[in-house]
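Novice: The following comprises the amino acid sequence and a computationally predicted model.
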Amino acid sequence: MDDDPQLPSSAGPPSSTVPAGGPAAEPGPTGFPTGRQAPRVAGEPTPAAAPAAPHGPGRDVGGAVAATVAGSLAVFLVGALGVQLQQSLHFGPAALGAAVSICYVGAALGSVPFGRLAEAVGGARVLRLAALAAAGLLGALALAARSWALLAGLLFLAGLVSSAIQPAANLFLARRTPPGQQGLAFGVKQAAVPLAAVIGGFAVPVVALTVGWRWAFVLAAAGSLVAAVAVPHPRISLAEHRARPAALLPTGSRRALVTLAIGLGLGVFAATGLTAFIVSAAVHAGISQAAAGWLAALGGLVAGAARVVSGWRADRRGRSHLPVAAAMLATGGVGYAVLVVGSARGEAVLLVVGVVVAYGAGWGWNGLFNFAIVRTHPEAPARATSVTQVGGRLAGALGPFTFGLVAAHGSYADAWAVAGSAALVGAGLMLVGRRLLVRRRRTLATT
């Protein structure tokens with residue numbers, strides 16, 4: 001069976017077939033699916049039922065998680081090891097932010113092309129090759145990063161690799177996970193990103209302060225090789241996969257996706273500043289380097305748990321996923337406000353509280369967001385999420401750079417205030433984007 005079966009294009013002729021899992025869920029008052037079943041609208045794309053994996057969905061999710069961690073490790077290790085990197089390579093906070101931003105520039109440039117590639121050749125193939133590439137780049141960071149320029153160049157390539165992994169993993173899970181478990185699967189997969197932040201935080205006291213920061217990248221490279229092996233094999237040949245019709249986005253969806261991409265981007269703008277600078281900001285506030293590393297690890301654990309729980313709840317709720325994601329992001333804005341006060345006063349307790357709220361709510365919604373995009377674009381999940389990820393990647397490029405500039409020329413409290421404002425605006429735009437999706441669904445239902 002196919003690991004990424006293609007779906008009929010919305011531009012193609014109407015189909016009378018019913019998916020193997022039953023007819024599509026009936027839209028509720030908001031236009032999004034409820035638990036009831038309804039006849040499929042002629043001409044509307046038919047989501048493919050997830051084929052049963054011979055090894056069960058757990059291995060599929062595990063492979064997606066492993067590859068996602070591998071693709072995220074470079075940027076989060078650089079953020080967590082920022083203090084040691086600045087001392088070793090002789091640059092300041094603004095240059096650290098610029099290096100992280102360059103990684104996200106690479107990710108933005110690769111997002112849409114790699115989304116198309118995943119739809120063309122299958123998620124599993126892209127995941128495995130990208131994890132291998134991530135291992136090579138992490139090894140290069142350990143051995144060849146002797147200046148800021150080399151560090152930034154390698155991070156740019158790491159961003160390209162990361163941009164290949166995200167849409168491929170979304171497609172992989174959409175095609176191979178049973179519908180009733182997809183919310184949890186996407187939550188677990190997206191928990192891999194803060195898991196990479198946890199690893200980065202642990203790397204400070206465990207590796208960087210004992211044997212040196214380069215060994216953290218060596219260990220990460222070895223782990224990425226294991227991740228490549230953990231990705232399950234495709235279920236059909238490449239020739240069979242490419243013979244299937246191309247997956248296209250439905251007519252009228254781009255405006256909603258662009259709006260959602262901007263909302264996602266503003267949330268990521270805030271979160272990337274948080275993950276890149278929480279260790280440096282905590283040290284500046286008087287916390288030891290080791291304790292600051294543990295604080296970053298705590299934040300990553302809270303964010304990962306929030307993503308898993310929100311995905312699990314989504315499977316049971318069945319609707320309103322984007323409003324819940326927007327509410328979480330807005331709550332994260334409160335966490336940034338607490339960080340403003342904690343940084344200004346140098347109070348460790350407030351920093352801990354701010355980290356828990358900002359990471360948990362302000363960075364815990366991403367899996368739920370991707371799940372919502374996949375649910376509303378079943379005919380081309382990789383392409384749809386690659387469009388929204390462009391906003392996230394571009395904002396990720398601006399976030400650390402802007403945060404570093406504000407912190408360098410103002411204060412960390414000022415930088416947290418900018419991040420919190422971006423989170424609140426992003427939450428509002430998510431609601432606007434959802435309204436556009438609802439309008440598109442209602443238009444399709446009446447044509």
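Specialist: Here it is on my side, so go on. Numbering: from 1, shown residues only.
Novice: for the nearest residue to G426 once chain neighbours are set aside, what are its contacts?
Specialist: Nearest-residue entry for G426: L266, 3.0 Å, with adjacent residues in sequence omitted and distances by Cβ to Cβ, 6 or more residues apart in numbering. Every residue, glycine included, has its C-beta placed from N, CA and C. Contacts of L266 were listed using Cβ atoms under 8 Å, 6 or more residues apart in numbering, and they are 395, 422-423, 425-426, 429.
Novice: Filter these down to just the ones in helices.
Specialist: With helices taken from DSSP state H, the overlap with the contacts of L266 comprises 395, 422-423, 425-426, 429.
Novice: Which one of the contacts of L266 is nearest to G300?
Specialist: Distances from G300 to the contacts of L266, taken as Cβ to Cβ, are shortest for A423 (17.8 Å).
Novice: That closest one: neighbouring residues, count only.
Specialist: One way to gauge burial is a neighbour count; for A423, by other Cβ atoms under 10 Å, it gives 30.
Novice: Does it touch G333 like I think?
Specialist: Yes: proximity of A423 to G333 meets the contact threshold set by Cβ atoms under 8 Å, at 4.2 Å.
Novice: can you list the ones in helices among the contacts of L266 in a markdown table and add distance to A303?
Specialist: A markdown table is the format used below for the ones in helices among the contacts of L266 (distance: Cβ to Cβ, whole Å):
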| residue | distance to A303 |
| --- | --- |
| A395 | 17 |
| A422 | 17 |
| A423 | 14 |
| V425 | 21 |
| G426 | 16 |
| L429 | 21 |
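Novice: would you put the C-alpha positions of stretch 431-438 in PDB?
Specialist: This file holds the C-alpha atoms of stretch 431-438, laid out as PDB (Å, rounded to 0.1, in the frame of the first residue of the first chain):
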ATOM      1  CA  LEU A 431      -9.200  34.000  13.600                       C
ATOM      2  CA  VAL A 432      -9.400  36.000  10.500                       C
ATOM      3  CA  GLY A 433      -7.900  33.200   8.400                       C
ATOM      4  CA  ARG A 434     -10.300  30.700   9.900                       C
ATOM      5  CA  ARG A 435     -13.200  32.900   8.900                       C
ATOM      6  CA  LEU A 436     -11.900  32.900   5.300                       C
ATOM      7  CA  LEU A 437     -11.700  29.100   5.400                       C
ATOM      8  CA  VAL A 438     -15.200  28.800   6.700                       C
END
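Novice: and that stretch, what's its mean pLDDT?
Specialist: Average pLDDT, stretch 431-438: 91.
Novice: same thing with stretch 320-335?
Specialist: With pLDDT averaged residue by residue, stretch 320-335 scores 94.
Novice: Measure how far it is from the centre of its chain, please.
Specialist: Using Cα atoms, centre = their mean, to the nearest Å, the mean C-alpha position of stretch 320-335 is found 16 Å from that of the whole chain.
Novice: follow-up on the earlier one: from the chain's centroid, how far away is whichever strand or helix holds the residue nearest to G426?
Specialist: L266 belongs to helix 254-284 when elements are defined using DSSP states H and E. The chain centre lies 11 Å from the centre of helix 254-284; the measure is Cα atoms, centre = their mean.
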